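Colleague: the following comprises the amino acid sequence and a computationally predicted model.
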Amino acid sequence: MGREDGGAELMTSRPGNGTAAASDGAQAVPSTGAEAAPGAQEDVAEAVSVDDQADEPLPAIAPGSGRRRILLGLTDQVVIALASAGNALLATVVLERSRAGSVLIAITTLYFAMGVSRAFIGEAVLAHVSRFDGADRRRREEDALASALIIGSGCAVVLFGLWLFGPADWFGDLIWAVPFLPLLLLHDTGRHTYLAAREQLNALTIDLTWVGTQALAVAVALLAGWRTGGALLLAWGIGASAGAVLYLVRTRLNPLRGRLAAWFHETRHLSGWFSASALVGQSQTMLVATLVARFLSIADYAGLRLAQLTVLQPVQNLVTAMNALMVPRFSRLAATGDLPALRRLTLKVSLLGLGIGAAAIAVVVPLAEPVLHWYKHGEYLNVAPIALPVALQAAIYLLQIPFTAALRGLQRAKLLFGQYVVFTATSLTGVLLGALDGSLLRTAWGLTTGAAVGLIAMITVYLVALRRPVG
């Protein structure tokens, strides 16, 4: 697919981006001896570097380029997290606790729409479009962008209905973000096309544009005394719009030339199951918000989200970054049938995740109480006991990273869907039992139990996929 001349892929140069997409082959990244953890960066660099062998000589890649992509990819994920998680965290800073809880429910609703849309488009871009180059890639990118605009417009209509007819204390702030949903999804899709092409620097450029514009808008609103959830969501939308426009200008891709029907037809073996999995996963997030707000309180939901934003969200950002780095690599390994290399990378990165997770627990648990005692003069101090279950949940997600990436690269979307169902059913059962008991701590342990069961299910379906590979 997308290959000419005995298997060497065409080199793609996007207009306006200043770089060329790497070919399918590269040299191994030499060690500089300066790694923070011996072997750690080499393990991940192997996961994101391209094939070490090819049928023909391939264009040379500068030494350390794999490690550079890792650094840029992780930096990019930190930047994009500032746009979303930072906005939610800022709500807990500038608003009183119950009001912050209402804004966080609105943000969770937006994440629901964006998460399902990303699965249908962005994740399929990583797993499928990464196998193409040249004109074949550009055509598929325009199909993906067209799909983002159409789906974003449909989501905007649905969320407008929620704002119009839903509870005002839950969805009252949605209206400020609704007009920007098509551009939010367009930016997200553009970012994934860059990541699929391993152009992390370009992804970072449009994300910095988003965050910089958003930060300026937030600063203007706060200086003007407009300290509301609406101001934060408006700034979020303005920032995303700036990043999306820059992407279109730099790449000269035209979403109006793309076709949603073509995208669905070509990626339906992936995007359908990816979307179903995201629908299950995002429904779980939405139902957690509903159950906690209904059976505990909106203030309790604000406390739960604060813990998740400060402990779990950074890990989830790392998970997203590592998936973006590794899925294209795993996809190419699966396409060439190199399952031994895929197994080795999965094991190495899982051990790395286990080490980072253990370190995170050791840091978070003892610091939770003193930090929350200081934060807003102890307004969220009752959240401190849930630090342990939330930190354990984060460690489980870190351990799960390579198994998820491998399954996406193997294009076993149906198995991923099954894992999501198991994870969600277990998590929601635990949350419901904890909420009915009136305990935020038991609710948090319910989420952790779901994550543990989900990890077992993920490893199981990974082993099944390796026995019956179809990538």
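Modeller: Happy to help now that I have it. Numbering: from 1, shown residues only.
Colleague: give me the helix or strand of the chain that scores worst on average pLDDT.
Modeller: In the chain, the helix or strand scored least confidently by mean pLDDT, DSSP states H and E is strand 8-9, which has a mean of 33.
Colleague: okay, and the residue nearest to Gly122 when sequence neighbours are not counted sits in which element?
Modeller: Of all residues beyond its chain neighbours, the one nearest Gly122 is His192 (3.8 Å), with distances taken as CB to CB, 6 or more residues apart in numbering. Placement of C-beta: from N, CA and C, glycine included. Element membership of His192 [criterion: DSSP states H and E] is helix 181-196.
Colleague: so Ile150 sits against Arg259, correct?
Modeller: No - using CB atoms under 8 Å, Ile150 is not in contact with Arg259, being 9.7 Å away.
Colleague: neighbour count for those two, which is higher?
Modeller: Ile150 (17 against 14; other CB atoms under 10 Å).
Colleague: for that one, give me its contacts.
Modeller: With contact taken as CB atoms under 8 Å, 6 or more residues apart in numbering, Ile150 is in contact with Leu260.
Colleague: recalculate using a threshold of 10 Å.
Modeller: Remark: with contacts taken as CB atoms under 10 Å, 6 or more residues apart in numbering, Ile150 is in contact with 182, 185, 255, 258-260, 263.
Colleague: quick one: list the elements packing against the helix or strand containing Asn323.
Modeller: Asn323 is part of helix 313-336 when elements are defined by DSSP H and E. The helices and strands touching helix 313-336, judged by 3 or more CB pairs under 10 Å, 6 or more residues apart in numbering; DSSP states H and E, are helix 40-48, helix 65-94, helix 122-127, helix 181-196, helix 200-223, helix 339-374, helix 387-409.
Colleague: point out the most buried one among these.
Modeller: Of these, the one with the most neighbours on average (mean count of other CB atoms under 10 Å) is helix 122-127, at a mean of 28.
Colleague: with just CA atoms, put that one into CSV.
Modeller: The C-alpha coordinates for helix 122-127 follow below in CSV (Å, rounded to 0.1, in the frame of the first residue of the first chain):
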residue,chain,number,x,y,z
GLY,A,122,-7.9,10.1,14.7
GLU,A,123,-7.2,6.6,15.9
ALA,A,124,-7.9,5.2,12.5
VAL,A,125,-5.5,7.8,11.0
LEU,A,126,-2.7,6.4,13.3
ALA,A,127,-3.4,2.8,12.5
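Colleague: report the rounded mean pLDDT for it.
Modeller: When the per-residue pLDDT values of helix 122-127 are averaged, the result is 82.
Colleague: tell me the one of the contacts of Ile150 nearest Gly225?
Modeller: Proximity of the contacts of Ile150 to Gly225 (CB to CB) peaks at Pro182, which lies at 30.3 Å.
Colleague: if we can go back for a sec, quick one, the helix holding His192 and helix 313-336 angle?
Modeller: With axes from the mean of the first three to the mean of the last three CA atoms, to 10 degrees as the criterion, the two stretches helix 181-196 and helix 313-336 enclose an angle of 60 degrees.
Colleague: centre of the chain versus helix 181-196, how much separation?
Modeller: When C-alpha coordinates are averaged (CA atoms, centre = their mean, to the nearest Å), helix 181-196 and its chain have centres 12 Å apart.
Colleague: what angle sits between that helix and helix 200-223?
Modeller: Taking the same axes, to 10 degrees, one finds that helix 181-196 is oriented at 150 degrees with respect to helix 200-223.
Colleague: same for helix 181-196, what does it pack against?
Modeller: Helices and strands in packing contact with helix 181-196 are listed as helix 65-94, helix 97-120, helix 122-127, helix 134-165, helix 200-223, helix 229-251, helix 313-336; criterion 3+ CB pairs under 10 Å, 6+ apart.
Colleague: buried stuff in the fourth one?
Modeller: Taking 16 or more other CB atoms under 10 Å as the neighbour-count basis, helix 134-165 is seen to contain the buried residues 134, 136-152, 155-156, 159-160, 162-163.
Colleague: mind exporting the helix or strand just after that helix as PDB, just the C-alpha atoms?
Modeller: Past helix 134-165, further along toward the C-terminus, the next helix or strand under DSSP H and E is helix 168-171. Once side chains and other backbone atoms are set aside, the C-alpha atoms of helix 168-171 remain, and they are given as PDB (Å, rounded to 0.1, in the frame of the first residue of the first chain):
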ATOM      1  CA  ALA A 168     -28.900  24.000  33.700                       C
ATOM      2  CA  ASP A 169     -26.500  23.200  36.600                       C
ATOM      3  CA  TRP A 170     -24.900  20.500  34.400                       C
ATOM      4  CA  PHE A 171     -25.000  21.800  30.900                       C
END
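Colleague: output the contacting helices and strands for helix 168-171.
Modeller: Under the contact rule (3+ CB pairs under 10 Å, 6+ apart), helix 168-171 is packed against helix 97-120, helix 134-165.
Colleague: spatially central residue for the chain, please.
Modeller: Centroid-nearest residue in the chain: Thr320, 3.8 Å away (criterion: CA atoms, centre = their mean).
Colleague: now that residue, nearest residue through space, not along the chain?
Modeller: Of all residues beyond its chain neighbours, the one nearest Thr320 is Gln77 (5.9 Å), with distances taken as CB to CB, 6+ apart.
Colleague: quick one: Val263 is in a helix?
Modeller: Small correction: residue 263 is Trp, not Val. Yes - secondary structure assignment places Trp263 in a helix (DSSP: H, G, I helix; E, B strand; the rest coil).
Colleague: residues touching it, list them.
Modeller: With contacts defined as CB under 10 Å, 6+ apart, Trp263 is in contact with 120-121, 124-125, 128-129, 140, 142-148, 150, 271.
Colleague: now with 6 Å, please.
Modeller: 143-144, 147 (CB atoms under 6 Å, 6 or more residues apart in numbering).
Colleague: redo the residues you listed as TSV? Include distance to Val453 and pLDDT.
Modeller: Converted to TSV, the contacts of Trp263 look like this (distance: CB to CB, whole Å; pLDDT from 0 to 100):
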residue	distance to Val453	pLDDT
Asp143	37	93
Ala144	33	92
Ser147	33	93
